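S.K.: Task: produce atomic coordinates for the following.
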Amino acid sequence: MFAIPGQSPVTVTPAAAAQIAKLMTKDKSAGLRIGVKKGGCAGMEYTMEYVAEAEAHDEVVEVGEARVLIAPMAQMFLFGTEIDYETSLLESGFKFRNPNVIDACGCGESIKFDETLSQTAVQPS
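M.R.: Okay, here's the model as predicted:
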């Protein structure tokens, strides 16, 4: 899957945008940076951190007051992903619906991408 000029690499649902904006205000941050790293039982894990400023090659996606920064090495893994925020009786959290994921571990914390994507270098653990 390749990026299309002018198209956002990820979509952010209204629920996720509201939660990101709320946490950005609370943490006085410039946005939520999303990345991937090697790890977990399926081979890869998402990373998320609130940051003071965007880095030079971050892809920036803005939805209302929410700002999502996609780390350069993660952009090809996240293209086409929907980021949502779900609340249930037992848990709340961000959910990634990523068409590039071909497998996930039982706990849902670790993911596996198509071999053609996984052969590319990713951020170190």
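
S.K.: When you work out contacts or count neighbours from here on, use the C-alpha atoms and nothing else.
M.R.: Will do.

S.K.: Any idea how many residues pack against Cys70?
M.R.: Slight slip there: residue 70 is Ile, not Cys. 27 (other C-alpha atoms under 10 Å).

S.K.: Pretty sure it sits against Val60.
M.R.: Yes: between Ile70 and Val60 there is a contact under C-alpha atoms under 8 Å: 6.5 Å.

S.K.: Buried residues of the lengthiest helix in the chain, list them for me.
M.R.: In the chain, with assignment by DSSP state H, the single longest helix is helix 14-27. Of all the residues in helix 14-27, those buried under the rule 16 or more other C-alpha atoms under 10 Å are Ala16, Ala17, Ala18, Gln19, Ile20, Ala21, Leu23, Met24.

S.K.: The residue nearest to Pro14 when sequence neighbours are not counted sits in which helix or strand?
M.R.: Distances taken as C-alpha to C-alpha, 6 or more residues apart in numbering place Asp84 nearest to Pro14, at 7.8 Å, with adjacent residues excluded. For Asp84, the host element (DSSP states H and E) is strand 81-87.

S.K.: same for that strand, what does it pack against?
M.R.: Counting contacts by 3 or more C-alpha pairs under 8 Å, 6 or more residues apart in numbering; DSSP states H and E, strand 81-87 packs against strand 10-12, helix 14-27, strand 92-97.
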